[in-house]
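**Student:** Sequence and computational prediction follow.
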Amino acid sequence: MSTNRPLVLALPKGRILDELIPVLERVGIAPEPAFFDKKARQLRFATDVQGLDIIRVRAFDVATFVAYGAAQLGVAGADVLMEFDYPAIYAPIDLGIGYCRLAVAEPTAQARSDDPKRWQHVRVATKFPNIARRYFRARGVTAECVKLNGAMELAPGLGLSRHIVDLVSTGSTLRANDLVEVEQIAEITSRLIVNRAALKTERQALEPWIARFREAVDAA
């Protein structure tokens with residue numbers, strides 16, 4: 001079974017997009033010029049491949065668009081996939097881009113006397129409450145999660161929480177806010193993701209793209 005609708009590839013806004021563009025080039029996808037205009041308000045873009053469009057959305061939303069079938073393909077960080085854990089998503093390829101780590105951090109002064117092995121209850125500010133709860137539960141620690149969508153680094157200094165769970169790349173943002181990483185939860189990279197139902201109904205259209213992304217990663 002197949003459909004006549006164009007395939008939609010959901011891509012994340014932000015820093016990952018810069019790393020993703022060379023991958024798209026190796027795959028053989030060239031978006032229309034407006035895609036590269038950071039001032040453009042356009043969200044859906046044509047490509048030089050007939051029957052393939054790109055949408056550019058927030059990183060957290062890529063997984064939702066793919067899980068619910070609005071996009072058949074996407075690129076999402078492992079952090080997003082771990083947080084939502086959508087059963088409708090198949091993630092066949094690690095693209096090896098967007099490397100960072102998901103970590104627990106706390107104020108530098110607090111870390112000098114704090115022992116994570118003795119934690120029994122923690123309050124953490126994070127945009128990854130599901131990951132944080134699972135992580136601490138596995139360690140036998142009760143976690144009270146305060147959901148924030150950004151500016152987690154402010155939370156300890158303003159008394160909102162004693163810890164944060166956030167993505168860390170260079171650590172410069174933590175240092176600028178007098179925080180230090182104390183535990184690593186997971187290493188994060190970006191993955192090609194596919195809607196499972198679409199892979200069954202549009203297999204002939206999707207499998208070649210999966211193969212081309214795999215070849216692009218192997219050629220990097």
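**Tutor:** Structure received. Quick caveat, the model's predicted, so the values are computed rather than measured.
**Student:** Can you check which strand is longest in this structure?
**Tutor:** Within the chain, and with DSSP state E defining each element, the longest strand by residue count is strand 179-188.
**Student:** Next, the contact list for R191, please.
**Tutor:** Going by Cβ atoms under 8 Å, 6 or more residues apart in numbering, R191 touches 75-78, 81, 91-95. C-beta: built from backbone N, CA, C; applies to glycine.
**Student:** if you set the cut-off to 7 Å instead, what comes out?
**Tutor:** 76, 78, 81, 91, 93-95 (Cβ atoms under 7 Å, 6 or more residues apart in numbering).
**Student:** May I have the beta-bridge partners of the closest residue to V66 other than its chain neighbours?
**Tutor:** The shortest distance from V66 to any non-neighbouring residue, by Cβ to Cβ, 6 or more residues apart in numbering, is to G74 (4.2 Å). Beta bridges link G74 to A10, I193, judged by DSSP bridges.
**Student:** Which elements pack onto the helix or strand of the chain with the lowest mean pLDDT?
**Tutor:** Least confident helix or strand, the chain: helix 15-27 with a mean of 94, by mean pLDDT, DSSP states H and E. Here helix 15-27 touches helix 203-219, going by 3 or more Cβ pairs under 7 Å, 6 or more residues apart in numbering; DSSP states H and E.
**Student:** contacting residues around the helix it packs on?
**Tutor:** Outside helix 203-219, the residues touching it (Cβ under 7 Å, 6+ apart) are 2, 7, 23, 26-28, 72-73, 92-93, 95-96, 192, 194, 198-199.
**Student:** mind redoing it with 10 Å?
**Tutor:** Applying Cβ atoms under 10 Å, 6 or more residues apart in numbering, the external contacts of helix 203-219 come out as 1-3, 5-7, 9, 22-29, 49, 51-52, 72-73, 75, 90, 92-97, 191-192, 194-195, 198-200.
**Student:** List the buried residues of that helix.
**Tutor:** Of all the residues in helix 203-219, those buried under the rule 16 or more other Cβ atoms under 10 Å are 205-206, 209-210, 213, 216-217.
**Student:** starting at the chain centroid, how far to it?
**Tutor:** Per Cα atoms, centre = their mean, to the nearest Å, the displacement of helix 203-219 from the mean C-alpha position of its chain is 20 Å.
**Student:** domain assignment for the protein?
**Tutor:** Listed by automatic domain parsing, the domain ranges of the chain are 7-98+189-219, 100-188.
**Student:** Would you mind checking the average pLDDT for the longest strand of the chain?
**Tutor:** For strand 179-188, mean pLDDT is 97.
**Student:** Alpha carbons of it, in PDB - could you do that?
**Tutor:** Extracted in PDB, the C-alpha atoms of strand 179-188 (Å, rounded to 0.1, in the frame of the first residue of the first chain):
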ATOM      1  CA  LEU A 179      27.400  25.300  38.500                       C
ATOM      2  CA  VAL A 180      29.300  22.000  38.100                       C
ATOM      3  CA  GLU A 181      28.400  18.700  36.500                       C
ATOM      4  CA  VAL A 182      28.300  15.900  39.200                       C
ATOM      5  CA  GLU A 183      26.700  13.000  37.400                       C
ATOM      6  CA  GLN A 184      26.300  11.900  33.800                       C
ATOM      7  CA  ILE A 185      23.000  10.300  32.800                       C
ATOM      8  CA  ALA A 186      23.600   9.600  29.100                       C
ATOM      9  CA  GLU A 187      25.700  10.500  26.100                       C
ATOM     10  CA  ILE A 188      23.500  12.100  23.400                       C
END
